[in-house]
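**Q** Below is the structure, and that's it, no one-letter string:
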């Protein structure tokens, strides 16, 4: 394992030049204090977890120190925000410090969010606040633990630096990790500003660094777009199967590697509601839970438009046509696993849809339903869950059909329970739990956020003494309003 001073940098994106990013140094925050760190994320860089105890740790990730071989850059991009094109966005409060190469030869972006003003700050102060930094940290690591493709978060560092949002808050920085922070909006920027050379250079960069097998195809750029479509279909299937609402699916928040990142007003469903809107600023419900599938397709169409100088339109259309069938296949596979079904039958889609229709309006806790369904033998589990539903006759019919399907999975209850518990979390990142941890951290108590992170790192395992993290939220906890403000 390495110390902080032993990291090896290979800054491939920085080498693309000034058309793609601007050199900017981070602006330090005062009196840095480590709030929480992920030992699992540290291992991606081969970092010894004991390094969190070094004074240099908080100083590095609060902008006070910098590796001599790091090259901090603010990336430029554009994108569609709530359906409208914004011609110039970019890293307004974040910096790509550089790319670290680990012993396995993997490159990891070190992206420091809340690092101060850049040329793309658009009159903002370039800061992130403690609450938003904690939320991003928790979401990144919780999604990873669930098996959902996501960026990672190495740590949050708090400070005494004041910032103003709706109220005075304290500034913080979160160190994000990903193989790349390139997003759909990068291609849109070079397309709409009519810079075809840079558009192609970006595509070549991605082929070389992240899609090398596509270079062997007859049409490498088209093959890369097909791969992006395929990976997005799988990513959105995970979101929908596990009840994750992103909240701000602007095209500049969509990763070219099809991982979840740019966490804002996200939420996991408590009571199932297909129309749930987790973003207080989303007045029209554009990014509601049920809209995430069509919006992902819309964003892929926006990316396809930006790629028209490189790929034939008909080829782009053909690739886009793969999205919905692939999404449905991935989604049904995940839902079969959550229901404990080993084989596939044509009636499974209807079985899933009927269950969700019954859940709608019944105040059924989405994730706990599946956990409880696997806890006991089928008939006993269904009987214990029955009173959760408003339409009892409808549930009885569904339960009868499910029992027949479950019987086709030829294993005993011990095997069924283990199989279902391996994919149905006992602990999920509920907004009220995050809020309680944030409120404690704002008072200088970092114990709750560290404990919550530890619990969420093992979401499928029952952890002694942590029952309160597995309980249904109180009524007030179901209606927290989360906005984009950070």
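**A** Sure, I can see it. As the structure is a computational prediction, the values presented were derived from the model and not from experiment.
**Q** quick one, longest helix in this structure?
**A** Assignment by DSSP state H gives helix 220-241 as the longest helix of the chain.
**Q** Give me the distance between residue 113 and residue 235.
**A** Using Cβ to Cβ, to the nearest Å, we find residue 113 at a distance of 21 Å from residue 235. (Glycine included, C-beta is placed from N, CA and C.)
**Q** Can you mark which positions in stretch 304-317 are buried?
**A** Residues 304, 306-307, 310-311, 315-316 are the ones in stretch 304-317 that count as buried (16 or more other Cβ atoms under 10 Å).
**Q** likewise stretch 117-136?
**A** So stretch 117-136, judged by 16+ other Cβ under 10 Å, has buried residues 117-118, 120-121, 125-136.
**Q** Would you mind telling me which of residue 113 and residue 235 has the busier surroundings?
**A** residue 113 (25 against 22; other Cβ atoms under 10 Å).
**Q** any weak-confidence spans in this structure?
**A** Along the chain, the model assigns pLDDT under 70 to residues 410, 483-486.
**Q** hey, where'd the strands end up in it?
**A** Under the criterion DSSP state E, the chain contains strands at 8-9, 21-23, 33-37, 73-75, 79-81, 84-86, 94-101, 107-113, 128-129, 152-164, 168-178, 244-245, 267-268.
**Q** hmm, back to that, and the buried residues of stretch 304-317, which two are furthest apart?
**A** Spatial extent of the buried residues of stretch 304-317 (Cβ to Cβ) is set by the pair 306 and 315 at 14.5 Å.
**Q** Surely residue 339 touches residue 402?
**A** Yes - look at residue 339 against residue 402 with Cβ atoms under 8 Å: they come within range, at 7.2 Å.
**Q** which neighbours do those two share?
**A** In terms of Cβ atoms under 8 Å, 6 or more residues apart in numbering, residue 339 and residue 402 are both contacted by the residues residue 351.
**Q** Disregarding residues adjacent in the polypeptide, which is nearest to the most centrally placed residue in the chain?
**A** By Cα atoms, centre = their mean, the chain has its centre lying nearest to residue 260, at 3.0 Å. Among residues not flanking residue 260 along the chain, residue 150 sits closest, at 4.3 Å (Cβ to Cβ, 6 or more residues apart in numbering).
**Q** And residue 155, by the same measure?
**A** If you skip the residues right next to it in sequence, residue 155 has residue 37 as its closest partner in space, 4.0 Å away by Cβ to Cβ, 6+ apart.
**Q** number of nearby residues for that neighbour?
**A** For residue 37, the tally of surrounding residues (other Cβ under 10 Å) stands at 25.
**Q** From residue 478, how far out is it?
**A** Taken as Cβ to Cβ, the span from residue 37 to residue 478 is 30 Å.
**Q** got it, and residue 328?
**A** 29 Å.
**Q** first to last residue in stretch 271-291, what's the distance?
**A** Distance between the two ends of stretch 271-291: 17 Å, counting by Cα to Cα, to the nearest Å.
**Q** Check which residues of that stretch are buried.
**A** By 16+ other Cβ under 10 Å, the buried positions in stretch 271-291 come out as 271-273, 276-279, 281-282, 286-291.
**Q** which residues of the stretch 201-350 of the chain fall in helices?
**A** Assigned by DSSP state H, counting those that start in this stretch, the helices in the stretch 201-350 of the chain fall at 220-241, 292-306, 313-320, 323-338, 348-359.
**Q** likewise the stretch 1-150 of the chain?
**A** Counting by DSSP H, counting those that start in this stretch, the helices of the stretch 1-150 of the chain are 39-44, 55-60, 130-146.
**Q** Could you pull out the buried residues of the first one?
**A** Judged by neighbour count using 16+ other Cβ under 10 Å, the buried positions of helix 39-44 are 41-42, 44.
**Q** List the contacts of it.
**A** 1, 48-49, 51-52, 102, 106, 108, 141, 144, 152-155, 177, 457.
**Q** try 10 Å this time
**A** By Cβ atoms under 10 Å, 6 or more residues apart in numbering, the residues outside helix 39-44 that reach it are 1-2, 38, 47-52, 57, 100, 102, 104, 106, 108, 137, 140-141, 144-145, 151-155, 175-177, 179, 454, 457.
**Q** Show me how to select, in PyMOL, the buried members of the residues you listed.
**A** With 16+ other Cβ under 10 Å as the criterion, this PyMOL line picks the buried residues out of the contacts of helix 39-44:
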select buried, resi 2+38+47+48+51+52+57+100+102+108+137+140+141+144+145+151+152+153+154+155+175+176+177+179+457
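**Q** Show me how the chain divides into domains.
**A** Domain ranges of the chain: 4-178, 184-333, 431-478, per automatic domain parsing.
**Q** okay, those domains in a markdown table with distance to residue 391 next?
**A** A markdown table is the format used below for those (distance: least, Cβ to Cβ, whole Å):
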| stretch | distance to residue 391 |
| --- | --- |
| domain 4-178 | 30 |
| domain 184-333 | 14 |
| domain 431-478 | 20 |
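**Q** that older thread, specify the angle between the longest helix of the chain and helix 323-338 in degrees.
**A** Interaxial angle, helix 220-241 versus helix 323-338 (axes from the mean of the first three to the mean of the last three Cα atoms, to 10 degrees): 40 degrees.
**Q** what's helix 220-241 packed up against?
**A** The contact analysis (3 or more Cβ pairs under 10 Å, 6 or more residues apart in numbering; DSSP states H and E) places helix 220-241 against helix 130-146, helix 184-192, helix 196-209, strand 244-245, helix 292-306, helix 313-320, helix 323-338.
**Q** Nearest to residue 482, out of the ones you listed?
**A** Among the helices and strands packed on helix 220-241, helix 130-146 sits nearest to residue 482 (Cβ to Cβ), with 8.1 Å.
**Q** where's residue 302 relative to residue 295, distance?
**A** Remark: distance between residue 302 and residue 295 (Cβ to Cβ) = 10 Å.
**Q** again with residue 249
**A** Per Cβ to Cβ, residue 249 is found 5 Å from residue 295.
**Q** picking that back up, make sure the residue nearest to residue 155 is actually in contact with residue 157.
**A** Yes - look at residue 37 against residue 157 with Cβ atoms under 10 Å: they come within range, at 9.2 Å.
**Q** Mind listing the shared neighbours of the two?
**A** Overlap of the contact sets of residue 37 and residue 157 (by Cβ under 10 Å, 6+ apart) consists of 57-58, 61, 175.
**Q** Just put those in TSV and tack on distance to residue 407.
**A** Formatted as TSV, these follow (distance: Cβ to Cβ, whole Å):
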residue	distance to residue 407
57	54
58	56
61	53
175	49
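**Q** Contact partners for the nearest residue to residue 170 once chain neighbours are set aside?
**A** With sequence-adjacent residues excluded and distances taken as Cβ to Cβ, 6+ apart, residue 170 is closest to residue 130, at 5.2 Å. By Cβ under 10 Å, 6+ apart, residue 130 lies in contact with 35, 114, 156-159, 163, 169-174, 438, 441-442, 449, 486.
**Q** from those, which would you call buried?
**A** Buried subset of these (neighbour count, 16+ other Cβ under 10 Å): 35, 114, 156-159, 163, 169-174, 438, 441, 449, 486.
**Q** Okay, and the beta partners of the residue lying closest to residue 278 once chain neighbours are set aside?
**A** Leaving aside its sequence neighbours, residue 278 sits nearest to residue 267 (Cβ to Cβ, 6+ apart; 3.7 Å). Residues in a beta bridge with residue 267, per DSSP bridges, are residue 245.
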